[in-house]
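# fold the following, please.
(one chain, ligands or ions: 1)
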Amino acid sequence: MKIAVVGTGYVGLVTGVCLAEVNHDVICIDTDLQKIKNMEQGISPIYEPGLEELMVKNINKGNLKFTNIHVEGFKNAEVIIIAVGTPQMPDGSANLQYIEAVAKSIAEYVTKDVIVVTKSTVPVGTNDFVRQVILDNLKCDVNVKVASNPEFLREGSAIVDTFQGDRIVIGTQDEETASILEMMYEPFGLPIFKTDIYSSEMIKYASNAFLATKISFINEVSNICEKLGANVEDVANGMGFDNRIGRAFLNAGIGYGGSCFPKDTHALVQIAGGVHHDFELLKSVIEVNNKQQRLLVDKIKARFENPEGKTVAMLGLAFKPNTDDMREAASSVLARELIQLGMKVIAYDPIAIENAKTQLPQQVIYANSSEEALKQSDFALIVTEWDEFKQMDLGKLQEWLTEPILFDGRNCFTLEQAKNAGIEYHSMGRPSIM
Ligand code: NAD
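Presented below is the predicted three-dimensional model:
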């Protein structure tokens, strides 16, 4: 099938590459010429495990191309997948300007019948809007069908998620459109759930809001555990045996971040408000997360009478491991607050440092390894649970830090490990080791 993917971010590029891998003829379109030039040379604009290799393989096979010229990309397309960003507006709602721009360019440049699929996360009713914008601006007498197809991949495991995801959701009431899209996805061999467009659009927001709720729920439980001397990990394990609950997404920590949960929870609150429904539960989920992201600062303030002048090693900057994405990362909030307290922050991340430099306060100093950061610091924080931190020899902290104290925002170590290393260890929802 001839497919054009508009937007080559985390979703668009992964989708394009994976569709090419199953032998579709794919062209990826982006307005960012530098990205296009890099991709043509086999350089991925984002860090995503396995992506660059698969991209190069399919460029060489001849079924993956790139362009910044929409007319070129749309020329032969049977299906156009919209995968541009839908960032958060100041009021929390989704910004649809990029979606609208793509719809207008589709209207301007398509010359044959086509199915337009919205993969970007968009509020209920947006596909109607896309259809209308296209109809209002169409230059040729062609038939354009619109369908919703939300994306569920996770950054850091996006390729695996695309090939082994839990489901593909297709929202359309047009049988022919549904069967063409089923055919497109057939090689992935995944369960396909078909529904109407509005429900499909809602499935994405409801899924992300539910996952965010699970995280905020366990974080609240974690904070109570700390005060009562219980261990949140055991609590989550014990809860997780119950099939109705499940163990996934019950890891206490310093909250969720990234490009999706924060913006999608805010957007759903706005969507609900638009139909005069006050989504109180979700507002609390957001509030809990905002507090949770800065919890390590409170712990530091409680531990040190005067943290001013201390140097802290901040290990992990990306919003989660295996990605370079810094959008809404807790490290940003923490670095700002620690610097305001008069502390010196020495930061290290295996992949995200370049992106971090554009987000973190300029006073932050960057190290080339965790060892380098730790050797210059009084104490340490873990903000992102990269494997290399989990595999760290905790005993070395005695040697490297002035005061061997670790605040672990992601519970990377067992209490046993911390005890054996002879360090002071403060984690989330578990008793501290002193
Ligand atoms: P991104 O910001 O990484 O990428 C968007 C890309 O679109 C950019 O490269 C930009 O240059 C390009 N673009 C913007 N306007 C364009 C236009 N008119 N024509 C061509 N290209 C254009 O975004 P992302 O993280 O891939 O997210 C895309 C959508 O998918 C969002 O709605 C997001 O909520 C949703 N989503 C994201 C994830 C994720 O993990 N990142 C997961 C599921 C769903």
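# work out for me the element Lys35 sits within.
In this structure, Lys35 sits in helix 33-40 according to DSSP states H and E.
# just the buried residues of that helix, please?
By neighbour count on 16 or more other CB atoms under 10 Å, the buried set for helix 33-40 is Lys35, Ile36, Met39. Where you see a C-beta, it was placed from the backbone N, CA and C, and this is true even at glycine.
# chain center to that helix, what's the gap?
23 Å (CA atoms, centre = their mean, to the nearest Å).
# same check, this time on stretch 114-133
The answer for stretch 114-133 is 21 Å, by CA atoms, centre = their mean.
# what comes up buried for that stretch?
Going by 16+ other CB under 10 Å, stretch 114-133 has these buried residues: 114-124, 126-127, 129-131, 133.
# nearest residue to whichever residue of the stretch 1-150 of the chain sits closest to the ligand other than its sequence neighbours?
Taking CB to the nearest ligand atom as the measure, the stretch 1-150 of the chain has Gly9 as its residue closest to the ligand, at 1.9 Å. Nearest residue to Gly9, sequence neighbours excluded (CB to CB, 6 or more residues apart in numbering): Gly85, at 6.4 Å.
# my guess is the one you found contacts Ala101. True?
No: using CB atoms under 8 Å, Gly85 is not in contact with Ala101, being 11.1 Å away.
# compare those two (neighbour count), which wins?
The neighbour comparison of Gly85 against Ala101 (other CB atoms under 10 Å) goes to Gly85, with 19 against 15.
# residue ranges in the chain under the pLDDT threshold?
Within the chain, no range satisfies pLDDT under 70.
# which bits of the stretch 101-250 of the chain sit near the ligand?
Neighbours of the ligand within the stretch 101-250 of the chain, by CB under 6 Å from any ligand atom: Ala101, Val102, Ser120, Thr121, Glu151, Leu153, Glu155.
# can you pull the contacts of the fourth one?
Same thing as Thr121. Thr86, Ala94, Pro150, Glu151, Lys204, Tyr205, Asn208, Cys260, Asp264, Ala267 (CB atoms under 8 Å, 6 or more residues apart in numbering).
# cool, the fifth one as well?
Residues near Glu151 by CB under 8 Å, 6+ apart: Val11, Thr15, Ala83, Lys119, Ser120, Thr121, Lys204.
# try 6 Å this time
Glu151 is in contact with Val11, Lys119, counting by CB atoms under 6 Å, 6 or more residues apart in numbering.
# part of a strand, is it?
No: counting by DSSP: H, G, I helix; E, B strand; the rest coil, Glu151 is not part of a strand but coil.
# you'd agree Gly50 is up against Ala158?
No: here Gly50 does not reach Ala158: they are 8.6 Å apart, not a contact under CB atoms under 6 Å.
# quick one: which of the two has more around it?
Neighbour totals were compared for Gly50 and Ala158, and Ala158 leads with 26 against 13 (other CB under 10 Å).
# give me the nearest residue to that one, chain neighbours excluded.
Val14 (4.4 Å).
# tally of neighbours for that neighbour?
Neighbours of Val14 using other CB under 10 Å come to 27.
# for Met434, same thing?
Look at Met434: counted by other CB under 10 Å, it has 8 neighbours.
# not counting sequence-adjacent ones, nearest residue to it?
Glu424 (5.7 Å).
# and Lys283, by the same measure?
Nearest to Lys283 is Val269, by CB to CB, 6+ apart, at 5.9 Å.
# next: Asp278.
Per CB to CB, 6+ apart, closest to Asp278 is Ala272, 7.1 Å.
# Gly308: how many residues sit nearby?
Actually, residue 308 is Glu rather than Gly. Using other CB under 10 Å, Glu308 has 9 other residues around it.
# strands of the stretch 51-200 of the chain, start to end?
64-67, 79-82, 114-118, 144-148, 168-171, 192-195 (DSSP state E, counting those that start in this stretch).
# return the fourth one as CSV; C-alpha atoms alone will do.
Extracted in CSV, the C-alpha atoms of strand 144-148 (Å, rounded to 0.1, in the frame of the first residue of the first chain):
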residue,chain,number,x,y,z
VAL,A,144,-11.5,11.9,0.9
LYS,A,145,-12.5,9.6,3.8
VAL,A,146,-11.4,10.4,7.4
ALA,A,147,-10.7,7.9,10.1
SER,A,148,-9.4,8.0,13.7
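# tell me if I am right that Thr213 is in a helix.
Yes: assessed with three-state DSSP, Thr213 lies in a helix.
# how many other residues sit next to it?
18.
# so the nearest residue to it once chain neighbours are set aside, which of the three states?
Distances taken as CB to CB, 6+ apart place Val285 nearest to Thr213, at 4.9 Å, with adjacent residues excluded. Under three-state DSSP, the three-state class of Val285 is helix.
# contact partners for Ile106?
Contacts of Ile106 (CB under 6 Å, 6+ apart): Val116, Ile134.
# what are the contacting residues of stretch 264-275?
Taking CB under 6 Å, 6+ apart as the rule, stretch 264-275 contacts 88, 92-94, 121, 123, 205, 208-209, 212, 279, 282-283, 286.
# kindly report the same for stretch 284-294.
Ala212, Thr213, Ser216, Asn219, Glu220, Ile254, Gly255, Tyr256, Thr265, Ala330, Val333, Glu337.
# equivalent analysis for stretch 81-94, please.
With CB under 6 Å, 6+ apart, stretch 81-94 has contacts from 5-7, 11-12, 95, 98, 102, 117-123, 263, 266-267, 270.
# and the end-to-end length of that stretch?
Length of stretch 81-94, first residue to last, CA to CA, to the nearest Å: 19 Å.
# one step back: A strand includes the residue nearest to Lys283, no?
No: checked against three-state DSSP, Val269 lies outside a strand; its state is helix.
# what about it, neighbour count?
24.
# and what of the one 10 residues further on?
By other CB under 10 Å, the residues close to Phe279 number 17.
# contacting residues for it?
Contacts of Phe279 by CB under 6 Å, 6+ apart are Val269, Ala272.
# can you show me the helices along the stretch 301-434 of the chain?
Along the stretch 301-434 of the chain, counting by DSSP state H, counting those that start in this stretch, helices occupy 330-340, 353-357, 370-375, 387-390, 396-400, 415-421.
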